[in-house]
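In: below are the sequence and a predicted model for it; my questions follow.
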Amino acid sequence: MRNFADILIEQSIQKKSVFVVGLDPDIAFFPHFLIKDTQDASQEVIANAIFQFNQIIIDAVADHVVAIKPQLAYYEVYGSHGIRALEETIAYARSKGLLIINDAKRGDIGSTSLAYAKAFLGQSPLSGDMVTVNPFLGSDGYLPFVDVAKNNGKGLFILLKTSNPSSHEIQNLSLEDGELLYFRIAENLHKLSLSTKGEHDYSFIGTVVGATYPLEAERIRQFLPHCIFLVPGFGMQGGKAEDLKVFFDAKGHGALISSSRGIIYCYMDNNPYWEATTAEEMHTLIQKAALQAKEQINAVRGI
Ligand SMILES: O=c1ccn([C@@H]2O[C@H](COP(=O)(O)O)[C@@H](O)[C@H]2O)c(=O)[nH]1
């Protein structure tokens, strides 16, 4: 049956891109034309600057990315104003034809997970197309996301092997039978993916695998042929384009590669005067960085 993975794959074929830009707005790195006084500005002023920043990025990357990935923490920190900026960003990205991955990493007891799932995959103004989900409360924590995604034609990414340096502390713990914890979660995911495959043979239930762990990714890719990988950690965290091949299937599908700071703050690179960057300069530099990243990734995919 047709599912959200079909939409994702068809859009990435049409745009010739599996690249995703993360929207992690930190006003400490905003040029002065967006905000000058970061200490005393009201939350409303900050939220307006965040939306303006995001609009510039979305305009610059829209031709080169299949989705944007707002990181919820950067909006929640400004309370209701921040959430308003997020809602405006989601609506703006949609108007440019982009898919939206809310990087929220939610997961709770079943009843609360259901509420989270409705917030991020239902009819709420916060709702995107996909959401990241923390599986560490067990299946009653993530199954509500699966149900709501299925009923609304959307998708989710369950954390498996995250990109951060200490991810091994918990995710690589050895279980009694010698299996690693993250791999046990992969076994559950595989079962779910078999019964939720779409026309392109991928489930709408994907998984997060960091670009910083290509060895693990190779094994996970073989074991989970029906799950799309969301791959953060490319760029700023050290994930390299040349290591990305193992994240894809033989057709160059099956993974979305995401970068946040490496793209959205590229105007700071080697520029001691970055605070004076103009909107036009920001647009040009970010567009160039997104195009370059897309092409590097496509080269590895053989596209
Ligand atoms: O394993 C994970 C899961 C999520 N993230 C998030 O992705 C971005 C990465 O930002 P960069 O600037 O490209 O390093 C950030 O929002 C993380 O919270 C991750 O890094 N790793």
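Out: Ah, there it is.
In: got the residues of the stretch 201-303 of the chain near the ligand?
Out: On the criterion CB under 6 Å from any ligand atom, the ligand has as its neighbours in the stretch 201-303 of the chain the residues V208, G210, P232, G233, G235, M236, Q237, S259, S260, R261, G262. Where you see a C-beta, it was placed from the backbone N, CA and C, and this is true even at glycine.
In: which one of those residues is nearest R106?
Out: Nearest to R106 among these: V208, at 12.9 Å, using CB to CB.
In: CA atoms only for the strand or helix carrying the closest one, dumped as CSV, please.
Out: Secondary structure from DSSP states H and E places V208 in strand 205-209. Coordinates of the C-alpha atoms in strand 205-209 are reproduced here as CSV (Å, rounded to 0.1, in the frame of the first residue of the first chain):
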residue,chain,number,x,y,z
ILE,A,205,8.7,4.0,10.0
GLY,A,206,12.3,5.1,9.5
THR,A,207,15.3,5.3,11.9
VAL,A,208,18.0,7.7,13.0
VAL,A,209,21.6,6.5,12.3
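In: what sits up against it?
Out: In this structure, residues lying in contact with strand 205-209 by CB atoms under 8 Å, 6 or more residues apart in numbering are 5, 130, 132, 146, 149, 155-162, 186, 189, 192-193, 196, 216-217, 220, 224, 227-232, 247.
In: switch to 7 Å and redo it
Out: Outside strand 205-209, the residues within contact range by CB atoms under 7 Å, 6 or more residues apart in numbering are 132, 146, 155-162, 189, 192-193, 196, 217, 220, 224, 227-232, 247.
In: just how off-centre is it within its chain?
Out: When C-alpha coordinates are averaged (CA atoms, centre = their mean, to the nearest Å), strand 205-209 and its chain have centres 10 Å apart.
In: can you pull out the helices in the stretch 151-300 of the chain?
Out: 168-171, 181-194, 214-223, 261-264, 279-301 (DSSP state H, counting those that start in this stretch).
In: just the ones you listed: most buried one?
Out: Mean neighbour count (mean count of other CB atoms under 10 Å) peaks for helix 261-264 among the helices of the stretch 151-300 of the chain, with a mean of 22.
In: using PDB, list the CA coordinates for that one.
Out: Provided in PDB are the C-alpha atoms of helix 261-264 (Å, rounded to 0.1, in the frame of the first residue of the first chain):
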ATOM      1  CA  ARG A 261      25.200  24.400  11.600                       C
ATOM      2  CA  GLY A 262      27.500  23.600   8.700                       C
ATOM      3  CA  ILE A 263      24.900  25.200   6.300                       C
ATOM      4  CA  ILE A 264      22.900  27.800   8.300                       C
END
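In: which strands or helices does it pack on?
Out: strand 19-23, helix 279-301 (3 or more CB pairs under 7 Å, 6 or more residues apart in numbering; DSSP states H and E).
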